[in-house]
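A.B. asks: Below are the sequence and a predicted model for it; my questions follow.
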Amino acid sequence: MFDPTVRLTEDQVAFYRENGFLTIDKITTADEVEALTRAFDQLFSENVEFEKGDRFDLTSSGAEKKERSPQLLFPSKYRPELRNTLYWANATTVALQLMGLPQTEADRLRFRDHSILKPPLEGAATPWHQDEAYWEEDKHYQDLTIWMPLQPATVDGGCMHFIPGSQKQGVVPHHHASKIALEVDSGYVDEARVVACPLPAGGATVHSCRTLHYASPNRSNQPRRTFIITIGPHPVERGDSRDFYWNRGHRVY
């Protein structure tokens, strides 16, 4: 196992808690980025027998012949070595820090990883949404997500965008922008407040499960690959009721 090499400052923790997101210039090494790139290229290109629902095109309506935003849920299920990486160790430490938990609590957390591959020149945008909108309405979540690009993530190449402070509201209404992808209803995104977060390969953003976020389309000439880990305590039953009507008839994960 790797010893973590990233420790957030008090200012970084305070910024995250106020704004609901954070950027980290370097969360792993260049050598590990190269190794992860090879691993994910193999996963997306080889004829792997994925379990039903783990491999899909996030933004497809079902009519397109080309994939514009292929996604793989739980890649570490198919490549367990992905958990034994410096990135995973640093992501765990960052999550614990932001949740105010000691390192000894790591074994009690829930980890869910996925990867999105946006092809060059025609990779689709990921619509504005809150992650928690995909999940169960009767559960209370404290999850956060660490999003790491395996190549430079530019505004033209599909970097993340956030609305600062949007994590302080509850889950707002969403609708389906495609068969799978959710999009927040109109009126909830103030374009004047949007913050774009370009990153070098091996950098990362962190965001709360209630922070409104978006990833721009990939108009660059190289694939945009990401390795994403969502971390949090196991959810507990809520004491109030919510209606995530947009999830009826769709997979919740």
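C.D. replies: Structure's in. What do you need?
A.B. asks: List the buried residues of stretch 109-117.
C.D. replies: Leu109, Phe111, Asp113, His114, Ser115, Ile116, Leu117 (16 or more other CB atoms under 10 Å). (Glycine included, C-beta is placed from N, CA and C.)
A.B. asks: Output the below-cut-off pLDDT ranges for the chain.
C.D. replies: For the chain, the stretches with pLDDT under 70 are 47, 60-66, 250-253.
A.B. asks: Return the list of helices and strands in contact with the longest helix seen in it.
C.D. replies: The longest helix of the chain (DSSP state H) is helix 30-45. Helix 30-45 sits against strand 70-73, helix 75-78, helix 86-99, strand 109-118, strand 224-233, with contacts defined as 3 or more CB pairs under 8 Å, 6 or more residues apart in numbering; DSSP states H and E.
A.B. asks: how about those in TSV, adding distance to Asp131?
C.D. replies: Below are the helices and strands packed on helix 30-45 laid out as TSV (distance: least, CB to CB, whole Å):
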stretch	distance to Asp131
strand 70-73	13
helix 75-78	18
helix 86-99	14
strand 109-118	10
strand 224-233	7
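A.B. asks: so which of the ones you listed comes closest to Tyr16?
C.D. replies: In terms of CB to CB, the element of the helices and strands packed on helix 30-45 nearest to Tyr16 is helix 86-99, at 5.5 Å.
A.B. asks: List the contacts of the closest one.
C.D. replies: 1-8, 13, 16-17, 22, 24, 27-29, 32, 36, 82, 102-103, 105-106, 109, 111, 142, 144, 146, 148, 202, 204, 206, 227, 229, 231-233 (CB atoms under 8 Å, 6 or more residues apart in numbering).
A.B. asks: So which residues make contact with stretch 153-168?
C.D. replies: Outside stretch 153-168, the residues touching it (CB under 8 Å, 6+ apart) are 18-21, 118, 123, 125, 130, 147, 149, 151, 189-190, 193-199, 201, 203, 205, 207-220, 222, 224, 226.
A.B. asks: Show me those that map onto strands.
C.D. replies: 21, 118, 147, 149, 195-197, 205, 207-208, 213-215, 224, 226 (DSSP state E).
A.B. asks: Next, find the distance separating the nearest residue to Val206 once chain neighbours are set aside from Gln130.
C.D. replies: The spatial neighbour of Val206 that comes closest, neighbours along the chain excluded (CB to CB, 6 or more residues apart in numbering), is Leu22 at 4.5 Å. The gap separating Leu22 from Gln130 is 17 Å, by CB to CB, to the nearest Å.
A.B. asks: Tell me which of these two has more neighbours.
C.D. replies: Using other CB atoms under 10 Å, the more surrounded residue of Leu22 and Gln130 is Gln130, with 26 against 22.
A.B. asks: I'd say the more buried one and Pro173 touch.
C.D. replies: No. Taking CB atoms under 8 Å as the definition, Gln130 is not a contact partner of Pro173, at 10.4 Å.
A.B. asks: Name the residues contacting each of those two.
C.D. replies: With CB under 8 Å, 6+ apart, Gln130 and Pro173 have common neighbours Val184.
A.B. asks: what comes into contact with the longest helix of the chain?
C.D. replies: 28, 70, 72, 75, 78-79, 81-82, 85-87, 115, 117, 150-151, 201-202, 225, 227.
A.B. asks: returning to what we had before: give me the buried entries from the contacts of stretch 153-168.
C.D. replies: Buried among the contacts of stretch 153-168 (16+ other CB under 10 Å): 19-21, 118, 123, 125, 130, 147, 149, 151, 189, 197-199, 201, 203, 205, 207-220, 224, 226.
A.B. asks: What number of residues are in the vicinity of Met1?
C.D. replies: 9.
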